[in-house]
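[1] how would this look folded up:
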Amino acid sequence: FSLRYIYYGPGAFVFRNTSNVLIEDVRIFNFGGMGFVILPRCSDFTFNRLEIVPKEPDIHHYSTLADGIHTTGLGGKLVIKNSVFRNLGDDTLNCHSQIMKAKNVSSDKIEIYCDKKKPHISPYWCAKGDILRVYDCKTYKQKGNIAVESFEDNIITTTTAHEVNAEDFIINDSFRPEVL
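    I've put the predicted structure just below:
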């Protein structure tokens, strides 16, 4: 009998605004959350000889209760080599971005919101120069891209807001790492 008491929780290691990171010779035997959490504005991570495995599988059924490596804001490259993952409570690797929705749209501004139970938008979700993909809220087809001029208080300033309608989905293209 095994009981997971938390699904998503703290990370053993949490990174934000960090680049060119090498994680080497790290072992996680038992942790009540995610092993590594990589938040927006991070890029180029390498994991070498990482082990996320239960130390005593007969006693500790899980090595982590959630993901081994969880990214919501990673760009550049993600390299994982010579590593072992066993008995995780969820995904070994979970790479994604946060999908936002357009709320109010004017000629040069888009107010966004997060359509989740705990709606929090990081102030680092987008920044000047980022390219955002826009998807139609009914057909889910990509409508186009917008270039960010600025982002503050959940409002994107851009010169191409005319392509966006209320409720359209917006994804930051900067957070799609190349996984090697």
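
[2] which element is the residue of the chain positioned farthest from its centre on?
    When each C-alpha in the chain is compared with the mean C-alpha position (Cα atoms, centre = their mean), residue 58 comes out farthest, at 32.5 Å. Element membership for residue 58, per DSSP states H and E: none, as it lies in no helix or strand.

[3] Identify the residue nearest the geometric centre of this protein.
    Centroid-nearest residue in the chain: residue 72, 0.7 Å away (criterion: Cα atoms, centre = their mean).

[4] any idea how far residue 164 is from that one?
    Separation of residue 72 from residue 164 (Cβ to Cβ, to the nearest Å): 22 Å. Heads up, the C-betas are built off the backbone N, CA and C, glycines and all.

[5] For the residue farthest from the centre of the chain, give me its contacts.
    Not one residue lies near residue 58 by Cβ atoms under 8 Å, 6 or more residues apart in numbering.

[6] Over to the residue nearest to residue 96 when sequence neighbours are not counted: give its phi and psi.
    Once flanking residues are discounted, residue 96 sits nearest to residue 72: 6.2 Å by Cβ to Cβ, 6 or more residues apart in numbering. When read as degrees, to the nearest 10, the backbone of residue 72 gives phi -120, psi 0.

[7] quick one: low-confidence parts of the chain?
    Applying pLDDT under 70 to the chain flags residues 1-9, 57, 117-119.

[8] how about a cut-off of 50?
    Low-confidence segments of the chain (pLDDT under 50): 1.
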